[in-house]
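S.K.: sequence-free structure coming up:
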């Protein structure tokens, strides 16, 4: 089984500042790897509003148009399990072939 390629594009000006960006990227990579059909290439672009209360993640699968997930991190735990669950649900709803994480 070929694993999915996951790339994070940090070229945008409104990206989430490090080290929080690395934490969110780690969680999103786990969600993609848990839900993805094998062999797909993914790109994720992270965005943060100026007030830092709303995060947006643009998910692109292969050459398909991106789909955006908006997330409000307030109330999420230190392991970002709320983001993980939300991202998994988002992926299952928006991408044909996505599987429920085990």
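M.R.: Yes, it's here. Just so it is clear, the structure is predicted and the values come from calculations on it, not from any experiment. Numbers count the residues shown, from 1 in each chain.

S.K.: could you pull out the helices for this structure?
M.R.: Secondary structure of the chain by DSSP state H: the helices cover 20-35, 81-94.

S.K.: For my notes, please list these in a markdown table and give mean neighbour count and mean pLDDT for each entry.
M.R.: (Each C-beta comes from the backbone N, C-alpha and C, glycine too.) Formatted as a markdown table, the helices of the chain follow (neighbours: other CB atoms under 10 Å; pLDDT from 0 to 100):
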| stretch | mean neighbour count | mean pLDDT |
| --- | --- | --- |
| helix 20-35 | 18 | 90 |
| helix 81-94 | 17 | 91 |
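
S.K.: list the contacts for the residue nearest to the spatial centre of the chain?
M.R.: Centroid-nearest residue in the chain: residue 28, 3.8 Å away (criterion: CA atoms, centre = their mean). The contact partners of residue 28, by CB atoms under 8 Å, 6 or more residues apart in numbering, come to 6, 8, 44, 57, 83, 87.

S.K.: ok, those vs residue 24, which is closest?
M.R.: residue 83 (6.8 Å; CB to CB).

S.K.: my guess is that closest one meets residue 71, correct?
M.R.: Yes - the pair residue 83 / residue 71 is scored as a contact, 5.9 Å apart, by CB atoms under 8 Å.
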